[in-house]
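In: Next input, structure requested:
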Amino acid sequence: MEYIDLKTALALSSAGKRFIAQMTLYNSGNFDRLLTFITDSYAPELLETQPAPDRLATMQQAQDEAGRLRIFHHISVDDYRVVLLLQNQSGDLFYNRLKVSEDYPHLITQYIHRPHGAG
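Out: Numbering: from 1, shown residues only. As a prediction, the model looks like this:
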């Protein structure tokens, strides 16, 4: 079996591509583009329960509190789901799960971001 590093596994995964795009915008603080990304990339069912501006506000608050995040450890990466532990510059860990639909354009059907060990 050939070894694939995490960066390659994420780049080959539909969920990984969405995760990379979202985290790049999040870490850069480009919230105008992040709002567009949320609007275009989240499944309508998720946007019905929490509209894009509310999701953006949640992400902005998370960035205000935690700062930039980087991958600390991968738990699972497959084509339609990524589960990762992220770490901020203070060393705090955050559980992150992102799932996408199997059908193209692989809209985000679940996004969970919370402090590691919470709930």
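In: Pull out the buried positions in the strand or helix carrying residue 33.
Out: Counting by DSSP states H and E, the secondary-structure element that holds residue 33 is helix 31-41. Of the residues in helix 31-41, those buried under the neighbour-count criterion (16 or more other Cβ atoms under 10 Å) are 31, 34-35, 37-38, 41. C-beta coordinates here come from the backbone N, C-alpha and C atoms, glycine included.
In: same check, this time on stretch 9-25
Out: Of the residues in stretch 9-25, those buried by neighbour count under the rule 16+ other Cβ under 10 Å are 10, 13-20, 22-23, 25.
In: where are the low-confidence patches of the chain?
Out: Within the chain, the stretches falling below the threshold (pLDDT under 70) are 1-4, 118-119.
In: Describe which strands the longest strand belonging to it pairs with in its sheet and in which direction.
Out: Across the chain, the longest stretch assigned as strand under DSSP state E is strand 69-78. Next to strand 69-78 in the sheet, as set by DSSP bridges, lie strand 81-88 (antiparallel).
In: Need the contact partners of the partner strand.
Out: Judged by Cβ atoms under 8 Å, 6 or more residues apart in numbering, the contacts made with strand 81-88 from elsewhere in the structure are 10, 13, 15-16, 19, 66-77, 93-100, 116.
In: Let's see the PyMOL selection covering just the buried ones among those.
Out: If you want just the buried ones from the contacts of strand 81-88 in PyMOL, going by 16+ other Cβ under 10 Å, the selection is:
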select buried, resi 10+13+15+16+19+66+69+71+72+77+94+95+96+97+98+99+100
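In: Which of the helices or strands spans the most centrally placed residue in the chain?
Out: Among the residues of the chain, residue 19 comes closest to the average C-alpha position under Cα atoms, centre = their mean, at 4.1 Å. Of the helices and strands defined by DSSP H and E, residue 19 is found in helix 14-28.
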